[in-house]
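# Dropping the sequence and predicted coords here.
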Amino acid sequence: MMNCVIIEDEIPAQKILKNFIGKIPSLNLVETFKAAIEANSFLNTNKMDVIFLDINLPDMSGLDFIKTVKNPPAIIMTTAYPEYAVSSFELPTIVDYLVKPFSFDRFLKAINKAKDRIEIPESTLEEDNDETIFLNVDKTLHKLILSSILYIESDRNYITVVTETQKLSYIDSLKNWAVKLPETQFIQVHKSYIINSKFVDKISGNTIFVMANKIPIGRTYKQELLRTLGV
């Protein structure tokens, strides 16, 4: 059983969420709030598994509210504005993003994502986040944490791996990297680029911004990119 709360100021949207939650036996709606400030003290003393959180709330935005919650649970964002989807995925506690009006099938998909996150032991998550790799560049073995990679660029026979502090170039192929990187975190957005979705700032036209780095989006990759990001 997963305990959940709704933080949503629109009554019609609350009713839809309550209706959908009521159809899933493994979900238990504990409380509903119209504003983030009302939910704050409750969440400080009650452990929840899932929060359904509207991004546009009267006292503060949903994204700002998440940053105030200590050890936040799985969060499913809801909003009528899909342009917020990319920035919302900067926060790892957000498991999905529902654009209103959403169907029960789409709601159920978000619940399954929340279940997957909750069922993964924290120790496993820490190991994944710290997964490392050694790159042999200029006769030196460089240790990299995979989750720290911003993007990988291919240029003919060379690969450049970019982090916040390093740029390492050596002979390799993007195809090899596509196999070794976690699919849940890295997305190929162009024939020459793989990006880390954790560092995506925004998308403008056919350009994706990864920590202020402008990466082109290939036409054949855009639909899958948006689908993966939940846009």
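Okay, I see it.
# Can you verify my assumption that Lys34 contacts Glu8?
Yes. Using C-beta atoms under 8 Å, Lys34 makes contact with Glu8 at a distance of 7.2 Å. All C-beta atoms are positioned from the backbone trio N, CA, C, and that covers glycine.
# Neighbour count for the two, which is higher?
Glu8 (25 against 18; other C-beta atoms under 10 Å).
# Give me the below-cutoff pLDDT ranges for this structure.
Applying pLDDT under 70 to the chain picks out residues 82-91, 119-130, 231.
# What is the distance between the longest helix seen in the chain and the centre of its chain?
In the chain, with assignment by DSSP state H, the single longest helix is helix 104-119. Offset of helix 104-119 from its chain centre (C-alpha atoms, centre = their mean, to the nearest Å): 13 Å.
# what does stretch 179-187 give?
13 Å.
# quick one, helices of this protein?
11-22, 36-45, 62-66, 85-88, 104-119, 122-129, 174-180, 219-229.
# Mind putting those into a markdown table with distance to Lys143 and mean neighbour count?
Output for these, formatted as a markdown table (distance: least, C-beta to C-beta, whole Å; neighbours: other C-beta atoms under 10 Å):
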| stretch | distance to Lys143 | mean neighbour count |
| --- | --- | --- |
| helix 11-22 | 45 | 15 |
| helix 36-45 | 38 | 15 |
| helix 62-66 | 32 | 19 |
| helix 85-88 | 30 | 19 |
| helix 104-119 | 28 | 15 |
| helix 122-129 | 15 | 10 |
| helix 174-180 | 15 | 12 |
| helix 219-229 | 28 | 14 |
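# In TSV, list those helices along with distance to Thr207.
Formatted as TSV, the helices of the chain follow (distance: least, C-beta to C-beta, whole Å):
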stretch	distance to Thr207
helix 11-22	32
helix 36-45	32
helix 62-66	22
helix 85-88	12
helix 104-119	27
helix 122-129	28
helix 174-180	19
helix 219-229	11
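# Indicate which one of those is closest to His142.
helix 174-180 (14.9 Å; C-beta to C-beta).
# contact partners of the closest one?
The list of residues contacting helix 174-180 from outside it, by C-beta atoms under 8 Å, 6 or more residues apart in numbering, reads 133, 152, 154, 159, 186, 188, 191-194.
# try 10 Å
Residues from elsewhere that reach helix 174-180 (C-beta atoms under 10 Å, 6 or more residues apart in numbering): 133, 146, 149, 152-155, 159, 161, 173, 186-188, 190-194.
# Quick check: phi and psi on the residue in the chain sticking out farthest from the centre?
Going by C-alpha atoms, centre = their mean, the residue of the chain most distant from its centre is Lys139, 36.3 Å out. The phi/psi pair for Lys139 (degrees, to the nearest 10) reads phi 60, psi 20.
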